[in-house]
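1. Could you work out the structure for the sequence below:
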Amino acid sequence: MTDRREKTELETNHPLVAKMVLAVLAPSVCVMLAVVLFPLGLLYAYCDMRVWNWFVAPYFHLAAMSLWPAYGFNLWLGSHRYVRPMYEDDKKPRWALSFCLVLISHLIMLAIGAAVHHWVVR
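-> Now for the predicted structure:
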């Protein structure tokens, strides 16, 4: 037996309008995600690239990493991990807070790495 979901009032009474809304809304959401997530992905890749080039490459005698391989590595690594969202008291996920914590952790990693590289390693 297959369960069928019930059609919404918009789908029942105005199927053409529902398709048009979906046709306009879906690309808009994709563009918004690309405009927000692509620069943040570049920021994460830059942080990882700098820390790699400061600490991993010289001590393990590995090649320096440029931005695009770091970006690809972050995409690959990100596809294999799951970040659980933090929850409020009413058990609704707080995605914005989880997202900000990931962003802040990368910036803190970059700041600490820059300080150690500048004052300790040199």
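2. Show me what the strand or helix carrying Met49 is packed up against.
-> Using DSSP states H and E, Met49 sits in helix 15-51. Judged by 3 or more CB pairs under 8 Å, 6 or more residues apart in numbering; DSSP states H and E, helix 15-51 is in contact with helix 9-13, helix 67-78, helix 95-116. Glycine gets a C-beta too; all of them are placed from N, C-alpha and C.
3. please redo it, this time with the cut-off set to 6 Å
-> Using 3 or more CB pairs under 6 Å, 6 or more residues apart in numbering; DSSP states H and E, the elements in contact with helix 15-51 are helix 67-78, helix 95-116.
4. Among those helices, single out whichever gets nearest to Arg50.
-> Closest of the helices and strands packed on helix 15-51 to Arg50 is helix 95-116, at 6.2 Å (criterion: CB to CB).
5. Let's test this: mean pLDDT of that closest one, rounded?
-> Regarding helix 95-116, the rounded mean pLDDT is 85.
6. Just the CA coordinates for it, please, in PDB.
-> These are the backbone C-alpha positions of helix 95-116, laid out as PDB (Å, rounded to 0.1, in the frame of the first residue of the first chain):
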ATOM      1  CA  TRP A  95      20.200  26.400  12.100                       C
ATOM      2  CA  ALA A  96      21.300  30.000  12.200                       C
ATOM      3  CA  LEU A  97      23.200  29.500  15.500                       C
ATOM      4  CA  SER A  98      24.800  26.300  14.300                       C
ATOM      5  CA  PHE A  99      25.800  28.000  11.100                       C
ATOM      6  CA  CYS A 100      27.400  30.900  13.000                       C
ATOM      7  CA  LEU A 101      29.300  28.600  15.300                       C
ATOM      8  CA  VAL A 102      30.900  26.800  12.300                       C
ATOM      9  CA  LEU A 103      31.800  30.200  10.800                       C
ATOM     10  CA  ILE A 104      33.200  31.500  14.100                       C
ATOM     11  CA  SER A 105      35.200  28.300  14.700                       C
ATOM     12  CA  HIS A 106      36.900  28.700  11.300                       C
ATOM     13  CA  LEU A 107      37.800  32.400  12.000                       C
ATOM     14  CA  ILE A 108      39.100  31.500  15.400                       C
ATOM     15  CA  MET A 109      41.200  28.700  13.900                       C
ATOM     16  CA  LEU A 110      42.600  31.200  11.400                       C
ATOM     17  CA  ALA A 111      43.400  33.800  14.100                       C
ATOM     18  CA  ILE A 112      45.100  31.300  16.400                       C
ATOM     19  CA  GLY A 113      47.000  29.800  13.500                       C
ATOM     20  CA  ALA A 114      48.200  33.300  12.400                       C
ATOM     21  CA  ALA A 115      49.300  34.200  15.900                       C
ATOM     22  CA  VAL A 116      51.200  31.000  16.400                       C
END
